[in-house]
Each structure stands twice: as C-alpha cells, then as structure tokens.
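Asks: After the sequence you'll find the predicted model.
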There are 2 protein chains.
Amino acid sequence: MLIFNKHFLATQSSESKKIINDAVEVVNDEIKSDRVGYYKLPTLSLQLIEQLKEIDTSSFEQIVIMGIGGSSLGIKAINTILRPITPHAKEIIFFENSDPLTITENLIKIKKEKACFFLISKSGSTIETTSTFKTIVDYCKIDMDADNNRIFAITDKGSSLSVFAQHHKFHEFNIPDNVGGRFSVLSAVGVVPLALAGYDMTKLLNGAEGFISRFFEGKEDHLLEKAYSFYENSKTQSINVVFSYADRLEDLTKWYVQLWGESLGKIDQDGNRVGLTPIGIIGAVDQHSFLQLVIEGPKDKSLTFINIEDFKNNLLVPDITLYGIEKTNFINNKSFNTLINAQCEATMQSVIQSGVNTDAITLDFISENNIGELIVYFELLTSLLGAMFKVNTYNQPGVELGKQILYKNLENS
Amino acid sequence: MLIFNKHFLATQSSESKKIINDAVEVVNDEIKSDRVGYYKLPTLSLQLIEQLKEIDTSSFEQIVIMGIGGSSLGIKAINTILRPITPHAKEIIFFENSDPLTITENLIKIKKEKACFFLISKSGSTIETTSTFKTIVDYCKIDMDADNNRIFAITDKGSSLSVFAQHHKFHEFNIPDNVGGRFSVLSAVGVVPLALAGYDMTKLLNGAEGFISRFFEGKEDHLLEKAYSFYENSKTQSINVVFSYADRLEDLTKWYVQLWGESLGKIDQDGNRVGLTPIGIIGAVDQHSFLQLVIEGPKDKSLTFINIEDFKNNLLVPDITLYGIEKTNFINNKSFNTLINAQCEATMQSVIQSGVNTDAITLDFISENNIGELIVYFELLTSLLGAMFKVNTYNQPGVELGKQILYKNLENS
C-alpha cells in the first residue's frame, strides 16, 4: 500500500478545475485511441510471463543486460529495490555506458556457460548496445547460431535488431509501437529479464494495474491535485526534488529523472520552453548536501519525500555508552528503521516550516505490488503534467542533433 | 594536466572587473588571515603521511569508514576514481547512511581480524556515525581498549569524539578548526584513510598544491571568468549541471554537489536567497535522460563537461558485422575510449549550438595529481562564487532546524 500526503495548498479555482479536467480528457483520449500504450502494459505483459514458461532457463545463473536509458534504468531500479526480498534472484550484470574501464571490469564477471544475454534496444541500433554486444561476442567466443538459445532480443517489430535476431533464431520479444523507451519498463523490456531472474513480476504488474484502474475510476485524484500544483508553480518552482529515505531507491529515482526530463523538457505548442528539472537524492545521506540549499537558497524547488515505514529489519542501535559521547544515548535500543524514518520526518517538518511545497509517499513496506504502484504513479503524473504543459510527452526531438553530430564525427574520424 | 575550455562569452565591463577583483580580495584575505584553512591543507597534510609511517598497518587488509557527508563523500570520490590505477589498494567499506538494509549488508563484509576502523566526525557526535560505531562494536565484539590499535578517530580537537578516543587511546588525528567538513577532504579526513589504503596521497596533495599556488599567482584566471559568469547569470541560469564522461567520476560529482549546495545556498548579507543548484550526471548514459531537458526545456542551466582524454585502456569494438545492423559498422575497430569522447564532444557541440553556456574540463588521463587539481579547482570556484554572492561560504545554518526537530522527536518517542 502507498500512502500519499500533501503539504501544499491546492487551488480550487474554476481555472484550475478546467485545466485538470482538460488533462484528464487528454489521458483518457490517449488510452482510448491507443495512441499511448503504456497504460495497458500491466495486463498485456502477464502473457509474457506465460510465454517464458516454455523456455528452459534452468541452466542460466547470470543475466547479462546490454541496454541504455529506457532499456536499462527501469530494470536496474526494480532489481535494486527487490533484491533484499528476493535473495535467490539470479545475478544481473548491466552493460550500459561506453566507458572502457567499466566494460573491461564487467567482462571479467561473465561466466559464459551459465549466462544468458539480453540485447535491448527499441530502435534496434543503439550504438552503445551494439558495440558492447560485439565486444561480448568476441570476449566470450559466442557462436551466434550455436548459442542462440541463450540470447534474447527485445526490440520493436521490424527493427534492425529484430532482423538480426530472426536471422540467428534468438529468442525475440517486442515492445509495442505505442510504448516509448522511457515508458517501457512494464513491457518485455523489464518483465522478461526480471521474471527470468526470479522476481515475482506478476505481483508487480498486478500492483501497477490496480493503481491504473483506480486512477481511471477517479479513486486516485490526489495525483491530479499534485500535477496541477506542479504546473501552476512551474515558472517559480522549476525543480522537483525526490528525496528518498532508503538507499535502494536511488536507481528508481534515476529512472524517474529520465522519465521527467525527457518527457516534459519540451517546446510547447505555443513555442515556449517548458518542463521541470527532476533531481533524485537519498536521505539521510544527502541532508548533508542538499538541505541547506533547499532551506535558505532560492525558492525554486518543490520536494517529494519517499520513505518506507517498515524495512522488515530489526537491527537495533546497541545499548552501548561511549565515554564523552553519552549525549547520543537517546538512540540506544532504538532501531535503525526508527532512526531513518525519524530523520525523514524531521527533515520534512523543517522543510515545510520553511515554506517549501512538499508532498510525501510512504510505502508500508518493500513489496513487488508497491513498486508496481510507484512506477505507474510516476508515469501517470508525467502524462498529466505533459497534458497540462501542452507538449508531446512521448517524443524526444532534442536528442537527435547530438546523435547526428556523433555519427558524422565518428564516420569522418 | 587539466585543460580548461570555455564556450561562453565573458563580460569585460568595468563592473565585472570590480566584482572579480573584490572576490579575489576576499579569498586573499581568507588565506592571509587564516580564517579559512583549506587553502593550506595540501602542504600541511604532507606531515600526516609522515606520521602514518610510525603506525604498523601491515595487518590491515580492510578499512571500515564510519562517516557521512563531508566525512565520507570525498574519500569515496578519490577511492572510486583512483582504484583502477591502484589495483593493490586495500578494500574500503563505507558506513554512511542509517538505512538498516545497507548496514546489515555491510556488517557481513567486515573481517574483524584484518580490519581497521575509522570514526570520522568533525563535530564528534554525528548521530549516524556514533550509531553505526556502536553496532559494529557489538557485531564484531570489539574491545575498545584491547583493540585500540585498530581504531582511528578523526575529529576536531576537544570534540566529544576526541575525548572518547583519548579515553581508550585510539589513534587520533585532528581537523583544523578553520576547515569545514565539506572542505576537509585534503585534511586528515581523506588523507589518513586513503594513504593507509595504499593511495599515493603525496602526489594528490602535490597536484592540489600546484593548482592553488598557480591560482594565487594569477596563472589560473579562467576560474575568475567562470565564477563571474555563474554569478552574473545566476538569476536566469540557476542550475549548474556537471556532465562527466566517465562512470568513475560519479562519486566526485556527488562530493561537488554537497560542496556547492551547502556553501552557496544561503541568505546573503542583504537578506536575499541566493545560490545555484548543482546537478551531477554521467555521460553517455544520462544523455538518454537529461539532454532533451537541456536542449528544449527552460534555459535555466549552465553545463560543465568533464572528460578523460586517455583512459589508458585499449578495448576495441571488434570488427564484427551483425546481420541487419551493418549500419553501425563505422564504429568497428575503434576504441571505446574514442567512442565515449566522441559522445562527449557531440553532446557538447549540440548543447553549444542550442545556446547553453558551457565549459569543459579535460583530464589528460586519470592520475593522483589531476584529481588533486580537480578537487581544489571546485573548492576555489566555490569560494570565489561565495565571495561574489556575499554569503558566508563556510557555515550551514539551514540544516540546524532539522537536527533540532530530530532530537526532540526521538527523545520523546
């Protein structure tokens, strides 16, 4: 269960109601017209889990993922947060960046005979992913025909990667055309490798589906208020900081940063540059870095706190007195679970007292269901904000120029 | 060697010259009056390395660090970036946050008989650090008197941690009073554990000292231009994004985020809220998340690119043709070193073409000397900007309220 709290004033003007209603209409139109496909992924993807049962995966102990951006961030986020509650999950090794030191270090970890390999690229020809694949083929001496039962391609129907996969008879899974990379975590992109690793993706998809259904039934309207508040204040509060009080939420906030940055940082239909800058930080660690800026710096930020009520861990601060430091004894015999949540609460109170718009999401505990809900919560929020900003939430024209320059420079070098 | 480039127009007005001169005067006054101590650390800390030679550290294979914020971020940054060129460095385990899952996971990694323990807290009573220490004492059955030769305390003279350390005769090193936590990486805080781990801190300190000397001799004036550009544009460009093209620079950007956030996010002497929001991201990975926002979103950001010219790694993309994906063959036989730098260059060109203020720092390769330079580069930039903003760069009043609320809530719970 997720518990949502807001510590900001929601406007009740007729103008705000109209903007909210228009945004609801846009997302309803998106789902009805099938222009935007991520809303239906939780239901669609259950079939993938069935399909996986036909593949013999008993010899795989290690999952090697080649993907970047939308093809890796979501998988990484779920793997990081669910691993402590899924101790027997298979190891996952991520090849994302083109950093030669990281690639060299990761190559050594691969146990070829026990590994399966995931090539993930929506477009099919992502430069980092294909370069890394070539490197792994060479390093592990993979025979693409003889070893095809341990190679999985996840890509758009008809893409160059799909052509390649069919040529060598790899396992192939497709991403629906109407699902963009950064909204694809609940498609084959996330579901196939994570289910194969041993995560209970059925529960995660059910959690996601439940939240989406409730939202479209009008039972999660707090999302509308929050989206409107962000929209209304976007000129002055151009930064949204997600402050998570759990180390394992760091990768989820990286996923959220891509989702927001690439979806909302756009030129709107009137030619204005819009969007909010997303920042993900981790408490209590980053209290030591970001809090001063929030409290006394420019009032250009809103804050979203995420915490976990019950870590299902009873590690206590032992009842030990340190000579000279007796004044910290008040924490003795309390759990670290209590401490980190007290730090979250105290930081939140100090931020609210400083007049910063703040809201909070509490997970009662870490579960597949809760993570599924949290993922679609951020996706729906993004769609609503995109509708309010009047941008195309699902394209990314701004990243094309860099790619063109890269290709030209490399081809001429 | 660091190479600095700027892709923004520097103002040459008489007003800008006055503001720059005033800032130079402030930092000169800081160093002369001894009010601010970090400028002299590179020289002072060389003595620490001498002192360490008197301690028998041959039995330590593992270094356990308990510290948070300024007491861990800098150590972590240096450990991450220098490890590939220092393969025999001892393992370092960091206990930073109060997350019960992370602490539980880290406890298991400790090999008591081969470990030494660093308690690092400038104030002496940081709640995360003392709580973790108690937990480790309990878990590893540490006898604080019998095991005192493997316990190191790094703290202010006369702090509660110092009292505790002297009571049990731990090794003790002090942080100069005039050096704040976030400026302390080149004091005992960073130098003692990293030198003990096997890093060549002499070279790093020499690199830092060289840059500081050149700056005060007027030979690194590009820093003045950059600081002024940030100051001049701070109302409209309130965010500075450091975009590093090397995975191992991520921890260094986290250190920089604390340095900037906590130093510059302040109420200035006229009562205005000032400061810039620092964001650290990693390329090419985060091109897939942040670039769209930079190119088409609000023009509220400046960008600083960092890249490494020579990774000293010759991993090549093998000359393999993938059926259907032949169009990526142009990268075959090129090195990943070439690819990641081409990505950096292409991204930078696309950002500059979009009219975003941009500058670039290139490390010719990863070396202790270069990292020392880079650290003081960011420290000096921070001091200059603080002087221009007319804030107290070295305090952090905004984080006190949260601490008071935390203590009250926990004592009453």
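Replies: The structure has been received and is ready for your questions. Residues are numbered from 1 along each chain as shown, chains lettered A, B, ... in the order given.
Asks: Does stretch A:293-312 reach chain B?
Replies: Yes. Residues of stretch A:293-312 are located near chain B by Cβ under 8 Å from any Cβ of the partner chain, namely A:Leu293, A:Val294, A:Ile295, A:Glu296, A:Gly297, A:Pro298, A:Lys299, A:Asp300, A:Lys301, A:Phe311. Placement of C-beta: from N, CA and C, glycine included.
Asks: Keeping just the C-alphas, turn that stretch into CSV.
Replies: C-alpha atoms of stretch A:293-312 as CSV (Å, rounded to 0.1, in the frame of the first residue of the first chain):
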residue,chain,number,x,y,z
LEU,A,293,20.2,24.8,-0.4
VAL,A,294,16.5,23.9,0.0
ILE,A,295,16.1,25.8,3.3
GLU,A,296,18.0,29.1,2.5
GLY,A,297,18.7,29.1,-1.2
PRO,A,298,16.3,30.3,-4.0
LYS,A,299,12.7,29.1,-3.5
ASP,A,300,12.7,27.4,-6.9
LYS,A,301,12.1,23.8,-5.7
SER,A,302,9.3,21.5,-4.7
LEU,A,303,10.1,18.4,-2.6
THR,A,304,8.7,14.9,-2.8
PHE,A,305,9.6,12.6,0.2
ILE,A,306,9.5,8.9,-0.2
ASN,A,307,10.0,6.6,2.8
ILE,A,308,9.5,3.0,3.8
GLU,A,309,7.5,2.5,7.0
ASP,A,310,8.7,-1.0,7.8
PHE,A,311,12.0,-2.2,6.4
LYS,A,312,11.3,-5.6,7.9
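Asks: Buried residues in that stretch, which are they?
Replies: The neighbour-count check on stretch A:293-312 (16 or more other Cβ atoms under 10 Å in any protein chain shown) flags A:293-298, A:300-308, A:311 as buried.
Asks: what two of the residues of stretch A:293-312 next to chain B have the greatest distance between them?
Replies: A:Pro298 and A:Phe311 (34.3 Å; Cβ to Cβ).
Asks: which parts of the stretch 51-200 of chain A sit against chain B?
Replies: A:68-70, A:73, A:84, A:96-105, A:124-125, A:127-128, A:130-131, A:133-135, A:137-138, A:160-164, A:167-168, A:181.
Asks: rewinding a little: mark which of the buried residues of stretch A:293-312 are part of helices, please.
Replies: Counting by DSSP state H, the part of the buried residues of stretch A:293-312 found in helices is A:Leu293, A:Val294, A:Ile295, A:Glu296.
Asks: which neighbours does whatever helix or strand A:Ile65 lives in have in its sheet, and in what orientation?
Replies: Element membership for A:Ile65 (DSSP states H and E) is strand A:62-66. Sheet pairing of strand A:62-66 (DSSP bridges) gives strand A:91-95 (parallel), strand A:115-120 (parallel).
Asks: closest point of the stretch 51-200 of chain A to chain B, which residue?
Replies: Relative to chain B, the nearest point of the stretch 51-200 of chain A is A:Gly69 (2.7 Å; Cβ to the nearest Cβ).
Asks: show me what contacts A:Ala197?
Replies: By Cβ atoms under 8 Å, 6 or more residues apart in numbering or on different chains, the contact list for A:Ala197 reads A:Ile63, A:Asn79, A:Ala89, A:Lys90, A:Ile92.
Asks: Phi first, then psi, for it.
Replies: phi -70, psi -20 (degrees, to the nearest 10).
Asks: Just give the closest residue to it, not the sequence neighbours.
Replies: A:Lys90 (4.6 Å; Cβ to Cβ, 6 or more residues apart in numbering or on different chains).
Asks: How many residues are close by that neighbour?
Replies: For A:Lys90, the count of nearby residues is 19 (other Cβ atoms under 10 Å in any protein chain shown).
Asks: least trustworthy helix or strand in chain A by mean pLDDT?
Replies: Sorted by mean pLDDT, DSSP states H and E, the helices and strands of chain A end with helix A:400-412, the least confident at a mean of 86.
Asks: Need the contact partners of that one.
Replies: So helix A:400-412 is contacted by A:127, B:287, B:291, B:295, B:330-331, B:334, B:338-339, B:342-343, B:345-347, B:349-351, B:353-354 (Cβ under 8 Å, 6+ apart).
Asks: Stretch A:34-48 now?
Replies: A:29-31, A:173, A:176-180, A:183-184, A:186-188, A:191-192, A:195, A:201-202, A:205-206, A:208-209, A:212, A:372, A:376, A:379, A:383, A:394.
Asks: Buried among these? Need that as a selection in ChimeraX.
Replies: Burial among the contacts of stretch A:34-48 is assessed by 16+ other Cβ under 10 Å; the matching ChimeraX selection reads:
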select /A:30,31,173,176,178,179,180,183,184,186,187,188,191,192,195,201,202,205,206,208,209,212,372,376,379,383,394
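Asks: coming back round to it: got the strands paired with strand A:62-66 as JSON lines, with mean neighbour count, distance to B:Thr155 and mean pLDDT columns?
Replies: Formatted as JSON lines, the strands paired with strand A:62-66 follow (neighbours: other Cβ atoms under 10 Å in any protein chain shown; distance: least, Cβ to Cβ, whole Å; pLDDT from 0 to 100):
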{"stretch": "strand A:91-95", "mean neighbour count": "19", "distance to B:Thr155": "39", "mean pLDDT": "98"}
{"stretch": "strand A:115-120", "mean neighbour count": "26", "distance to B:Thr155": "47", "mean pLDDT": "98"}
